[in-house]
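Visitor: Need coordinates for the following:
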Amino acid sequence: MMLMEKERAELVKFGRKLVDTGLTKGTGGNLSVFDRERGHMAITPSGIDFYEIRPEDIVILDAEGGKVEGERTCSSEWEMHLLQYKTREDIDAVIHAHTMYATVISCLHWDLPAAHYMIAVAGPDVRCAEYATYGTHELAVNAARAMEDRKAVILANHGILAGAQDLLNAFNIIEEIEYCSQIYCNARSIGNPVVLSEEEMTLMAERFKTYGQRKNLERV
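Guide: Reported below is the predicted structural model:
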């Protein structure tokens with residue numbers, strides 16, 4: 001019996017869903033789930049198309065990044081996932097994707113402001129982390145720093161990272177922030193978007209404590 005069998009199946013499922021919804025292409029991006037009780041992280045392998053990944057290809061690491069189970073090479077960005085679990089007790093699932101519009105914003109090194117209220121699924125805004133080479137400790141640290149008090153971060157010249165209590169909600173955050181990014185890019189092309197006030201986003205944060213959370217009623 002493999003470790004974290006349910007989590008492996010969910011990683012396969014949501015990896016394919018990223019491709020199906022156009023949120024990433026090919027092997028771009030990575031997903032993980034953390035078993036906080038055992039201190040194990042299940043993460044997608046490196047360089048395998050999401051539609052070719054099988055549950056047995058998922059790699060299990062311990063809390064220090066050592067391999068516990070799996071024949072494949074894990075994602076090179078494993079540390080970016082693991083650091084979130086070490087510093088955030090509210091996050092047990094992380095998704096990194098190469099979405100189109102959030103990546104456009106990342107190439108400009110812009111933060112994503114609250115031009116649309118749905119950004120509240122991640123916070124009052126989404127910061128852009130300082131650039132670092134993919135798969136490095138520096139990138140992991142920069143991402144964690146910029147994602148403090150947020151559920152998502154834009155990675156400069158790279159893509160987007162989101163975390164939540166489970167994969168369903170992490171995926172929802174990726175989807176909604178990509179939507180907000182597209183709205184913002186389109187609005188900037190014809191004018192200057194009006195950013196919602198801090199008071200309004202505080203209200204949204206309160207309302208989204210229930211509205212913004214999706215219940216995992218699906219069965220893998």
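Visitor: Geometrically speaking, which residue is the centre of this protein?
Guide: residue 162 (2.5 Å; C-alpha atoms, centre = their mean).
Visitor: Check which strands are paired with the strand or helix carrying that one and give the direction for each one.
Guide: Using DSSP states H and E, residue 162 maps to strand 159-164. Next to strand 159-164 in the sheet, as set by DSSP bridges, lie strand 93-97 (antiparallel), strand 152-155 (antiparallel).
Visitor: before we move on, back to that, quick one: the residue nearest to the centre of the chain and residue 175 touch, right?
Guide: No: applying C-beta atoms under 8 Å, one finds residue 162 not in contact with residue 175, separated by 9.2 Å. Backbone N, C-alpha and C define where each C-beta goes, glycine included.
Visitor: now residue 145: how far from residue 87?
Guide: Separation of residue 145 from residue 87 (C-beta to C-beta, to the nearest Å): 10 Å.
Visitor: got it, and residue 138?
Guide: 16 Å.
Visitor: where does this protein dip in pLDDT?
Guide: The chain contains residues with pLDDT under 70 at 211-220.
Visitor: which residue sits closest to residue 107 in space, ignoring its chain neighbours?
Guide: Among residues not flanking residue 107 along the chain, residue 157 sits closest, at 5.5 Å (C-beta to C-beta, 6 or more residues apart in numbering).
Visitor: and that neighbour, that one's in a helix?
Guide: No: counting by DSSP: H, G, I helix; E, B strand; the rest coil, residue 157 falls outside a helix, being coil.
Visitor: count of residues packed around it?
Guide: 14 (other C-beta atoms under 10 Å).
Visitor: For it, list the residues it contacts.
Guide: 106-107, 109, 131 (C-beta atoms under 8 Å, 6 or more residues apart in numbering).
Visitor: which of those residues has the most neighbours?
Guide: residue 106 (24 neighbours).
Visitor: helix, strand or coil for it?
Guide: Here residue 106 is helix, with the state taken from three-state DSSP.
Visitor: That one and residue 152 touch, don't they?
Guide: No: using C-beta under 8 Å as the test, residue 106 is too far from residue 152 to be in contact (11.9 Å).
Visitor: Alright, I will stop here.
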